[in-house]
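In: got a predicted model here, sequence first, then my questions.
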Amino acid sequence: MKKLLLALVYTALTLGANPVLASDADIITPLLEGDMKKLAVHSAPKATSNAAFDLADDAGRATLEDYRGKYVLVNFWATWCAPCRKEMPQLSELQAELGGDDFEVLTIATGRNSPTGISKFFEEIGVTNLPRHQDPKQGLASQMAIFGLPITVLMDPEGREIARLRGDADWSSDSAKGIIKALIEGRSAG
């Protein structure tokens, strides 16, 4: 009986000393409104790919691992994708408002997209603040199960996938911005 009592006291003290932090899913789920209702939030984070992709302007190669330490919204898109053309300015607005040390929008053109075509695409829609990275052989897209475009993956600071949205969405909406702000604030509080 004495051992049981000691175990209960120890457990109570341990729980009191280590408050349970809200998971990213707990933070995101109540904020899903409008287009963000299409965001599939994972109950547990999932591993991402370590496949390399090409950085813009022949600056070398990178992996998603290089973006650890912040929340990253990875948008897989293509120059021929009409919904991508619609949502790219919204992603640009999200990056302009919330991008920084805690959050970044990462755009990766997957498949056949020439650097010239990508530059023209960005110029035509007036986007200057998003990267023009490429996954020409679709190694990253394949390992990330990107089938159909656009697909946007939300990663946590540990580099794990916490949510995914198939198709386009209004990433400049109050709901989208609210989700990103709550994640950043939740991480800061923890």
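Out: Okay, I see it. Numbering: from 1, shown residues only.
In: what ranges do the helices span in the protein?
Out: 2-17, 24-28, 82-98, 115-125, 139-143, 174-189 (DSSP state H).
In: among the ones you listed, which is nearest Thr48?
Out: Among the helices of the chain, helix 139-143 comes nearest to Thr48, with 8.3 Å by C-beta to C-beta. Backbone N, C-alpha and C define where each C-beta goes, glycine included.
In: what about the residue nearest to Gly126 when sequence neighbours are not counted, how many neighbours?
Out: Spatial nearest neighbour of Gly126, excluding adjacent residues (C-beta to C-beta, 6 or more residues apart in numbering): Pro89 at 6.8 Å. Pro89 is flanked by 15 other residues according to other C-beta atoms under 10 Å.
In: before we move on, what about Asp26?
Out: For Asp26, using other C-beta under 10 Å, the count is 13.
In: so how far is Leu183 from it?
Out: In this view, Asp26 and Leu183 are 11 Å apart by C-beta to C-beta, to the nearest Å.
In: quick check: buried residues in stretch 89-103?
Out: By neighbour count on 16 or more other C-beta atoms under 10 Å, the buried set for stretch 89-103 is 90-95, 98-99, 102-103.
In: got it, and stretch 102-112?
Out: For stretch 102-112, by 16+ other C-beta under 10 Å, it's 102-111.
In: filter those down to the ones in strands?
Out: Using DSSP state E, the subset of those located in strands is 103-110.
In: picking that back up, among the buried residues of stretch 89-103, which pair sits farthest apart?
Out: The widest separation within the buried residues of stretch 89-103 (C-beta to C-beta) is 19.6 Å, between Gln90 and Asp102.
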